[in-house]
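Asks: no FASTA, just this:
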């Protein structure tokens, strides 16, 4: 029985295979998977096709978008253990920055991107500094309020379009041969994928180093973390700010593709869904979170042919999954062996300390 | 001759109407093992909490290496050089033993979040140094073979040893041990006593809360006795053992013979 179970444990077997692999094989595998990700829009497999909606659009939104945001939220919720229910606010700030600056000034996408990210990070600092002394449920309520405040302010501010939102957001300028038009979502998908890979790379480095350990400590025991010399306030704000930055990137890219935004796109449901991706995939585990986001974003689109009962079926599938795997699809690995080459492994960017 | 690492000056700690510590004066000298003893509820752990900044004393001053540390944040106090263990073990259970110790060793790293993302030379050097130090400390505490195991899965005794290793990783000038031998069998206690002596001989100063008298009498340079939040005795082991007030605190007042 135990043997059966361990054989079925794909995560540990996968991780073991990876750890046993020599460097060339890891590089080859990584290149293969990255290439595969870039090639997905060209696939036309009936199994993964989405009848009822355009497969390539689905890849950009919701799938790509959810993956990116789930990775960002995982820094906050999964790594540092801060329950943030207003994550959509940072997404909205990124999207509105793109919309306002794109329509009112002559700045292009690449110039607006850093501004949008900076504004999202700034709002992360502004929200985080006073509220992160709260813990648990209290923090969740404050962040939930923040998410709603941002949306309601957008609805009631006529200067930024009020409830009608902003239309006519420019697309990014052509990038070599890639033309960003409303008709072709592929370049947007590739753009988003590139940013996502960059974020994954950064998150993995942080997780394996001092910030990752600090967040692990804070999540497990805030008081002891302080007594071990960790400036917990600073690391919590950093987690918030980095999460906000990721959502900000997402918002800017999203607005440039969708061309018009309205405040109601940034409602509480988005925050909840992204959080669901994190929990569903396996809180704290980067790959689990990515898988969770892919499944949660893709499944409703894949079963769109069911029309009316679609969300009901989706909900039932979620309940069933959480009963079968309460820790998520790919929960955090419980590392139980000592790897003497740990630091050399870490140097190569692998061997996340979890 | 020996300088004072820590001085508690007239520390009073009140929780509402309860006085947990009453005008306590205590001096810890460099390089000694000072044992803090007293019946349950005497205020021993409260003293630790006052020293490490968990509580702010109602009145009085805590002077560490010549400067007051009252009002400083907990992490700042740890950085200045005070580390502690906990009466009821508080490890990072979901992290491996090694990670627990590396987390302690991170205190003196200067790399921030940005430096870690980009893997600056400083970041890599500090990561390596912290890791090597952690492995050394695990070896020193005799639990190197546990390095990869999760904190919560370690046997009880090794969890206590790991807590000491984690505290030592912060390079403390003063190490506070809160009942490190609780739950140990006599043989383990002897071994722990030897370890604590080894820690002192390595240049650390140790303030120790303990109930086991044979351990205390075996390793302490001095003993301070607390009772109901008041320090009732302070001196060498023999002085304290013969102090009538200490005997009274532990055994009760002698029956009036007259």
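Replies: Arrived safely, thanks for sending. Everything quoted here is computed from the prediction, not taken from an experiment.
Asks: Contact partners for residue A:240?
Replies: A:76, A:82, A:84, A:124-125, A:127-128, A:132 (Cβ atoms under 8 Å, 6 or more residues apart in numbering or on different chains). Using the backbone N, CA and C atoms, a C-beta is placed for each residue, glycine as well.
Asks: Out of these, which sit inside strands?
Replies: Applying DSSP state E to these, no entry is found in strands.
Asks: Let me have these in CSV, adding distance to residue B:118, neighbour count and pLDDT as columns.
Replies: Below are these laid out as CSV (distance: Cβ to Cβ, whole Å; neighbours: other Cβ atoms under 10 Å in any protein chain shown; pLDDT from 0 to 100):
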residue, distance to residue B:118, neighbour count, pLDDT
A:76, 21, 28, 95
A:82, 24, 25, 94
A:84, 25, 32, 94
A:124, 20, 26, 95
A:125, 20, 13, 96
A:127, 26, 25, 92
A:128, 22, 24, 92
A:132, 25, 21, 87
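Asks: count of neighbours near residue A:88?
Replies: Residues lying near residue A:88 (other Cβ atoms under 10 Å in any protein chain shown) number 29.
Asks: that older thread, mind checking which of the contacts of residue A:240 are in helices?
Replies: When the contacts of residue A:240 are checked against helices (DSSP state H), the matches are A:124-125, A:127-128.
Asks: Check these and tell me the two furthest apart.
Replies: Across these, the longest distance by Cβ to Cβ is 7.5 Å; it joins A:125 and A:127.
Asks: what about the one residue in chain B that gets nearest to chain A, which SS state?
Replies: In chain B, the residue that lies nearest chain A is residue B:148 (2.8 Å; Cβ to the nearest Cβ). Assigned by DSSP: H, G, I helix; E, B strand; the rest coil, the conformation of residue B:148 is coil.
Asks: could you give the mean pLDDT of stretch A:320-338?
Replies: For stretch A:320-338, mean pLDDT rounds to 75.
Asks: My error: substitute stretch B:191-205 in the last question.
Replies: Computed over stretch B:191-205, the average pLDDT equals 95.
Asks: Output the below-cut-off pLDDT ranges for the chain.
Replies: I went with chain A, as the question did not name one. Scanning chain A for pLDDT under 70 picks out A:1-10, A:333-354.
Asks: My question was about chain B, not that one.
Replies: B:1-2, B:256-258.
Asks: Centre-most residue in it?
Replies: By Cα atoms, centre = their mean, chain B has its centre lying nearest to residue B:176, at 1.1 Å.
Asks: Helix or strand for it, just tell me which one.
Replies: Using DSSP states H and E, residue B:176 sits in strand B:174-178.
Asks: from the chain's centre, how far out does that strand sit?
Replies: Computed by Cα atoms, centre = their mean, to the nearest Å, the chain-centroid distance of strand B:174-178 equals 1 Å.
Asks: Is that strand in proximity to chain A?
Replies: No. Contact of strand B:174-178 with chain A (Cβ under 8 Å from any Cβ of the partner chain) is absent, the minimum separation being 9.9 Å.
Asks: Switch the contacts of residue A:240 over to JSON lines; also include distance to residue B:238.
Replies: Putting the contacts of residue A:240 into JSON lines (distance: Cβ to Cβ, whole Å) gives the following:
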{"residue": "A:76", "distance to residue B:238": "58"}
{"residue": "A:82", "distance to residue B:238": "54"}
{"residue": "A:84", "distance to residue B:238": "59"}
{"residue": "A:124", "distance to residue B:238": "61"}
{"residue": "A:125", "distance to residue B:238": "59"}
{"residue": "A:127", "distance to residue B:238": "61"}
{"residue": "A:128", "distance to residue B:238": "56"}
{"residue": "A:132", "distance to residue B:238": "52"}
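Asks: I'd like to know how far the residue of chain B closest to chain A sits from residue A:305.
Replies: 49 Å (Cβ to Cβ, to the nearest Å).
Asks: Might you report the residue contacts of the residue nearest to the centre of chain B?
Replies: Taking Cβ under 8 Å, 6+ apart as the criterion, residue B:176 is in contact with B:48, B:51-52, B:82-85, B:167, B:207-209.
Asks: contacts with chain A among the residues you listed, please.
Replies: Near chain A, by the rule Cβ under 8 Å from any Cβ, you find B:52, B:83-84 out of the contacts of residue B:176.
Asks: Quick check, the residue in the stretch 101-250 of chain A closest to chain B?
Replies: For the stretch 101-250 of chain A, the residue closest to chain B is residue A:229, as judged by Cβ to the nearest Cβ, at 3.6 Å.
Asks: Can you get me a residue count around that residue?
Replies: Per other Cβ under 10 Å, the neighbour tally for residue A:229 reads 29.
Asks: quick one on the thing from earlier: if you count surrounding residues, which of residue B:148 and residue A:305 has more?
Replies: residue B:148 (16 against 9).
Asks: thought that one was touching residue B:100?
Replies: No. Using Cβ atoms under 8 Å, residue B:148 is not in contact with residue B:100, being 11.6 Å away.
Asks: Confirm residue B:128 sits in a strand?
Replies: No. With three-state DSSP as the criterion, residue B:128 is located in helix rather than a strand.
Asks: residue boundaries of the helices in the stretch 151-300 of chain A?
Replies: With DSSP state H, counting those that start in this stretch, the ranges of helices along the stretch 151-300 of chain A come out as A:186-208, A:210-220, A:222-227, A:232-258, A:268-281, A:286-302.
Asks: Indicate which one of the ones you listed is closest to residue A:179.
Replies: Taking these one by one with Cβ to Cβ, helix A:186-208 is closest: 6.6 Å.
Asks: If you count contacts, what does that closest one end up packed against?
Replies: Contact here means 3 or more Cβ pairs under 8 Å, 6 or more residues apart in numbering or on different chains; DSSP states H and E; on that basis helix A:186-208 packs against helix A:23-39, helix A:65-73, helix A:232-258, helix A:286-302, helix B:113-118.
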